[in-house]
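1. sequence and predicted structure, then a few things I'm wondering about:
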Amino acid sequence: MTVLRDYAATVSQPPLDDTVRPRRFDEMVGPDGSLRPAWKPLAELAVGLTAHDLYRVDGDIVRMLADEGVTYGRPGERPGPWRLDPVPLLVDAPTWAPLEVGLAQRTELLNALLVDLYGEQRVLRERVVPAPVVLGHPGFVRAMAGARMADSHPLIFSATDVGRDGEGGWRAVADRTQAPSGIGYAMENRRVLSRVLPELYRESGLHRMEPYFWALRSALMQAAPTDTADPRVVVLTPGTHSETAYDQAFVASTLGFPLVEGSDLVVRDGWVYLRQARGRLERVDVILRRVDAAWSDPLELRGESQLGVVGLTEAARRGRVRVVNPIGAGVLENPALMPYLPAACELLLGEPLLLDSAETWWCGEAAGLEAVLDAFASDPELRLTGIDGEDAGLAGLPRSEVVQRLLATPHRYVGQRTPVLSQVPTWRAGSARPRPVTLRTFTVRYGSAYRPLVGGMANVLDELTGRSSASKDVWVLKADPADIDQGLSGVLAATPGRAAPVAAPRVLEDLFWTGRYAERAEDLLRVLLVTHAVAEDYRTRPRTAGGTSLEVLLASQARLAGRVHADLDEEFRSVLLDADRVGGVGHSIASLRDALAGVRDQLSTDTWRAFGVIDRAVELLEGTRYSHQIAESAGRHLTGLLSLQGSTANMMQDEGWRLLSAGRLLERALQLCHLLVGTTTERRGLDVDRAVLGAVLEAAESGVTHRRRFRGYVRPAGVLDLLLLDPDNPRSLLHCLVQLRGHLAHLPGSTGSTRPERLLENLLSEVEAQEVSSLVAIGGADRPLLTEFLETMLDRLTTLADAIADHYLAVGPPPRPLNSLAVLESLPLEPVTGTIPIITDDMERPPGIPPRTPRGGSRPGGGERP
């Protein structure tokens, strides 16, 4: 039997004991064992999938997601691979229609409630909603209370988690209005599944998602203040350490808006500006906020935050920038609001609530507390949380202590009975198994109405923990093949104008260090490959000159990548894989990945496929001790880096590309000088010198050119002429400096007389003045003039690197917490009476966001990124 046919036969059997647990609604199979209407048109293709087919599809999905660098981390955990189940969730048009209407109305209600809570507060005055439910919630931002909303619909974009109960009815489980996440993952799921199941995708007749992103882009641009002709929209992210960093970068890239961090923005005279290179400022009109409200403004909210923008709250109050969603919208995520939404809907909209919520009781009311206490011991579906949606420290506590806490501060807690969620076929260990599922839906204010996304992202839940174990793509089928995708036609951006490129100093710095780390890793790999080849040759023929040449190359490698292990293979593994070994390949690649993550929204997916190649090269060495696999793994590392170089070569040749290229050229010159210092400054005998020089040429990727030019005759003068002074060799020192001069000259901040340009001209003059015959002159066993020249080059190249960073990448001092004692002591405050509470820097940070620390450690070849 095929996998899904086997699943249908299994779930259609009656349960062993209906009294133990209510039967779940199955999304694929009806009670009589027949397929649901959504599955019937695809029965032949979908139900015909064998275990072999799904194994292949699942493997393709894992590889594609890894190649594109799709990650997710639960709050407080390090991001890991994103998981997508190969079997989509299918919903037919008649089933979807009432949910779509209910979602639109629910978002309209949440918007009206948001306006009311920060305005007239009718729901509080008329006791429709108890005041402690709102005023006691951390998402209610008092700094925004009474503020004039930019318009009557401040809620632009929201998400709602829904599930189906035992009868197949839709119920809302949670609302997400603070900084809704997941739409990027939903689109990525669709892209991947359409490629691994192309026949099923083509035949399904589902709604495509692309028009919805066009509508979202248009809605954000139309949200700008009315006096703005060409609005600038940015996506504010907490940074690369966020658990949903991929989702944020995907949305920014797809919408065509810059992804910025708090340090990229500044408030001047009540207006928000985007920092540009060399101190220029560009006004920002709309901010799609992915930073929680409490961390958005260290001036008026959490003073220890380094993620927000100082003064953002005041700029939003004045209506000079539109924040989507508004600061304070997080109060709508309060689960304690759910029992009161039907009455609020009648009051604010004058109509009944169409989409029911999961049964919820606020313990601050006597009836709610009594219901929760009665059901607590006997109802396994009852879940206790705080009004902020967290478990409030109740998990794992004995019942007596939980009851004690509920009675002590009942207003802080909510009891919610999770519906018996519907189940879907989920691929696990060679078979499709039923697992409960929820659906994250998205709604945007487009034009004059709220428009839900026809589709979404399903979360497959672990039955034991209740946490998401995988995601699913959601295919909503069209009622008629001629129906317009998403019901949207003629969606255009608010303005056809060409947006100015973003050259924020942080972005330019990331690109500069991308070039440096990429070149550093590539050069180290070439040295490692050559050294490994010499070592293998020495093991085969230990009496040849290879022994001494191996010592020379290992000494050079140690200069580049630290101390050498006694065991050669262990040394090679350490240089290649150890991400904590400063100066090694592993550390350089980890730093490269970190730098690229900061500019992910500006890169194509080809960039991340290079890391997929590298990750599989790392896996090659896991659990094996064979020496030849070290070279194989290093070669695949190099292939990944070369593909990365090819993808960056196709970037727009703007300021960022030039700084990336400058970083690469500068690092190449530094690494070349280090290699030559360790290998060519000392005489070791004719045979050893010949072997060492041959290895140097291969490591510098100049062996073929040297053999054709000098017909295989290897001598120091020819090698140094090719690697130091040849203007046509892209690996030579002179060529790197000449090309670097061209890139610096094209940067906007260059005048011909800046310090980096002056230093570079002096370097070029000194290199051009060298004579090879002088450099190879012998003084005892050494070449003193060559040693002096190379050491001088290293010092001056390092100085040039610092000068480039100071001139082109300067962003001022790093942000400091506004409640830092050093900052407070520096303020000219008048003495006051009473106690002033001081908030220390070690207080709670947002989930999943570790403290920002310098990427420290020095290494040969130009230092480490600060």
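-> Yep, it's here. Everything quoted here is computed from the prediction, not taken from an experiment.
2. would you map the helices across the stretch 451-600 of the chain?
-> 505-540, 546-561, 568-577, 585-597 (DSSP state H, counting those that start in this stretch).
3. and these, which one averages the lowest pLDDT?
-> If the helices of the stretch 451-600 of the chain are sorted by mean pLDDT, helix 546-561 sits at the bottom with a mean of 61.
4. can you list the low-confidence ranges for the stretch 701-850 of the chain?
-> Applying pLDDT under 70 to the stretch 701-850 of the chain flags residues 811-850.
5. ok, the chain next?
-> 1, 14-22, 76, 147-150, 392, 491-502, 540-550, 552-566, 811-866.
6. if we use 50, what do you get?
-> Applying pLDDT under 50 to the chain flags residues 19, 493-494, 564, 821-862.
7. quick check: longest strand of it.
-> Across the chain, the longest stretch assigned as strand under DSSP state E is strand 431-446.
8. surely S305 meets P298?
-> Yes: using Cβ atoms under 8 Å, S305 is in contact with P298, at 4.5 Å. Every residue, glycine included, has its C-beta placed from N, CA and C.
9. compare these two (neighbour count), which wins?
-> Using other Cβ atoms under 10 Å as the criterion, S305 and P298 rank with S305 on top: 26 against 23.
10. and the closest residue in space to S591 that isn't next to it in sequence, how far from V582?
-> Spatially, and ignoring its direct neighbours in sequence, S591 is nearest to Y517 (4.9 Å; Cβ to Cβ, 6 or more residues apart in numbering). Y517 is 12 Å from V582, where distance means Cβ to Cβ, to the nearest Å.
11. those two: which has the busier surroundings?
-> Neighbour count, other Cβ under 10 Å: between Y517 and V582, Y517 has more, with 26 against 18.
12. ok, L740 to S661 distance?
-> With Cβ to Cβ as the criterion, L740 and S661 are 8 Å apart.
13. sorry, that was for S12
-> 63 Å.
14. same deal with D485?
-> For D485 relative to S661 (Cβ to Cβ), the value is 41 Å.
15. distance between the longest strand of the chain and the chain's centre?
-> 22 Å (Cα atoms, centre = their mean, to the nearest Å).
16. repeat that for stretch 61-73.
-> 11 Å.
17. and stretch 104-119, by the same measure?
-> 31 Å.
18. hmm, who's touching it?
-> If you take Cβ atoms under 8 Å, 6 or more residues apart in numbering as the criterion, stretch 104-119 is touched by 122-124, 134, 140, 144-147, 149, 152-155, 158, 160, 172, 175, 177, 326, 328-329, 331-332, 337, 341, 344-345, 348-349, 351, 353-355, 443, 445, 449-452.
19. just the buried positions in it, please.
-> Neighbour counts over stretch 104-119 (16 or more other Cβ atoms under 10 Å) mark 104-118 as buried.
20. so which residues of the stretch 101-250 of the chain form helices?
-> 122-125, 131-135, 183-196, 198-204, 210-222, 245-255.
21. to S468, which of those lies closest?
-> helix 183-196 (10.9 Å; Cβ to Cβ).
22. L740 and S661 - which one has more neighbours?
-> A count of neighbours by other Cβ under 10 Å puts L740 above the other of L740 and S661, at 26 against 22.
23. that's a helix at the more buried one, yeah?
-> Yes: counting by DSSP: H, G, I helix; E, B strand; the rest coil, L740 is found in a helix.
24. surely it is in contact with R664?
-> No: distance between L740 and R664: 9.4 Å, which falls outside the contact criterion (Cβ under 8 Å).
25. quickly list what the closest residue to F157 other than its chain neighbours is bridged to.
-> Spatial nearest neighbour of F157, chain neighbours left out: V444 (5.1 Å); criterion: Cβ to Cβ, 6+ apart. Beta-bridge partners of V444, counted by DSSP bridges, are F157, R451.
26. what about V444, how many neighbours?
-> 26.
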